[in-house]
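**Q** A predicted structure for the sequence below; I have some questions about it.
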Amino acid sequence: MPTVTGNEAQLTQLFQNLIDNAIKFSHPENAPQVRIAATRQTSEWLFAMHDNGIGIDSQNLESIFEIFQRLHTVEQYPGSGIGLAICRKIVELHRGRIWVESQLNVGTTFYFTLPG
């Protein structure tokens, strides 16, 4: 993993939230797998965090970053619905971008950039 400049507590929370979601939303028939990669681009690092979880329907890919936006009931998957909103805020405070690609029942990849 590269060295980046930023608020250590916030960047730690960013990684913790994304890894926690990857584990929480794992597919019930598969052991959770999370792969993290970083690629140097011109003036930033591109991070990719991929899991083999339940995936996200394409119509919800933007709304998941909204505060208190939940796609499942608390009984199905516990949580407050603020984790990804916090992730977006942290990335934006560090002058980066965050987005997601996903396929139902296959997995999800969260991408984010941080200045390098």
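**A** Okay, I see it.

**Q** What confidence value was assigned to residue 21?
**A** Residue 21 is assigned 91 on the pLDDT scale.

**Q** can you tell me which residues contact it?
**A** Under the criterion of CB atoms under 8 Å, 6 or more residues apart in numbering, the contact list for residue 21 reads 83, 84. All C-beta spots, glycine's among them, are computed from the backbone N, C-alpha and C.

**Q** Which element, helix or strand, includes the closest residue to residue 82 other than its chain neighbours?
**A** Computed as CB to CB, 6 or more residues apart in numbering, the closest residue to residue 82 that is not its neighbour in sequence is residue 67, at 5.5 Å. Using DSSP states H and E, residue 67 sits in no helix or strand.

**Q** Kindly report the same for residue 91.
**A** Residue 91 belongs to helix 83-93, assigned by DSSP H and E.

**Q** longest helix in this protein, by residue count?
**A** helix 8-24 (DSSP state H).

**Q** quick one: contacts for the residue nearest the centre of the chain?
**A** Centroid-nearest residue in the chain, with CA atoms, centre = their mean: residue 18, separated by 4.0 Å. Counting by CB under 8 Å, 6+ apart, residue 18 makes contact with 49, 87, 110.

**Q** Okay, now the unreliable bits of the protein?
**A** Along the chain, the parts satisfying pLDDT under 70 run over 68, 70-80.

**Q** In contact with the residue nearest to residue 82, which residues are there?
**A** 81, 82, 85.

**Q** before we move on, what about residue 41?
**A** 113, 116.

**Q** What separation do you get for it and residue 35?
**A** 19 Å (CB to CB, to the nearest Å).

**Q** what about the residue sitting furthest away from the middle of the chain, distance to residue 107?
**A** Taking CA atoms, centre = their mean, the residue of the chain most remote from its mean C-alpha position is residue 42, at 22.5 Å. Between residue 42 and residue 107 the computed distance is 28 Å (CB to CB).

**Q** same check, this time on residue 32
**A** Taking CB to CB, one finds residue 32 at 10 Å from residue 107.
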